[in-house]
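1. no sequence for this one, just the structure:
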């Protein structure tokens, strides 16, 4: 059985809220969720693009019934009454359990100061195998020039002993194998919820925990 498609998901007050998830961990509970790591503020999923491209909302719908929690950046609020630590060391104390207990970690690579640190943390904890990376199509999200920006992410991957793939137009999902090589590339044309779900399931079915 695909580990990212559990048969029964227990109802939860807000499994998309990192503050609620952390409270569950403190009670020795393990909710089912996917974690989404991105470089822009975590308040809301970005709106759909005018072109027929993969969007954040489409990914969240494709993961359903597995809820997708967006990881705020250090110092950002994750609920009206909860803010994640701004101090890098304290933030890591939150980052580690949120990534370790997630069934799936979905990542948009970036060149923010914290990304290299967090990618190394995932590599050291041997949690990279549960990560799916998104190489967005040109101008598809956040109005970013992804082909130009993509090469600037390479140092973070090199520091984590991962072989960073060059940018390829069209929009892709991919993962890394146990030797740090990018693999399981899936491109989506005319994406729909069903096509995105099929691509994610296909990548997840090839994932194997490290020996």
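-> That came through fine. Predicted model only: the values in this text are computed from it and were never measured.

2. give me phi/psi at residue 35?
-> Here is the backbone geometry of residue 35 (degrees, to the nearest 10): phi -110, psi 130.

3. how about the strands in this protein?
-> Ranges of strands within the chain are 34-37, 68-71, 77-79, 82-83, 104-107, 131-135, 172-176, 182-187, based on DSSP state E.

4. okay, these in CSV with distance to residue 113, mean pLDDT and mean neighbour count next?
-> C-beta here means a position set from N, CA and C on the backbone, and glycine is covered the same way. Output for those, formatted as CSV (distance: least, CB to CB, whole Å; pLDDT from 0 to 100; neighbours: other CB atoms under 10 Å):
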stretch, distance to residue 113, mean pLDDT, mean neighbour count
strand 34-37, 14, 93, 24
strand 68-71, 15, 90, 22
strand 77-79, 19, 75, 16
strand 82-83, 19, 80, 14
strand 104-107, 16, 95, 22
strand 131-135, 19, 94, 23
strand 172-176, 22, 95, 21
strand 182-187, 23, 94, 16
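
5. right, so of these, which gets closest to residue 91?
-> Across the strands of the chain, residue 91 has its closest neighbour in strand 68-71 (10.0 Å, CB to CB).

6. what does that closest one contact?
-> Applying CB atoms under 8 Å, 6 or more residues apart in numbering, the external contacts of strand 68-71 come out as 15-18, 21, 33-38, 42, 45, 59-60, 95, 98, 102, 106.
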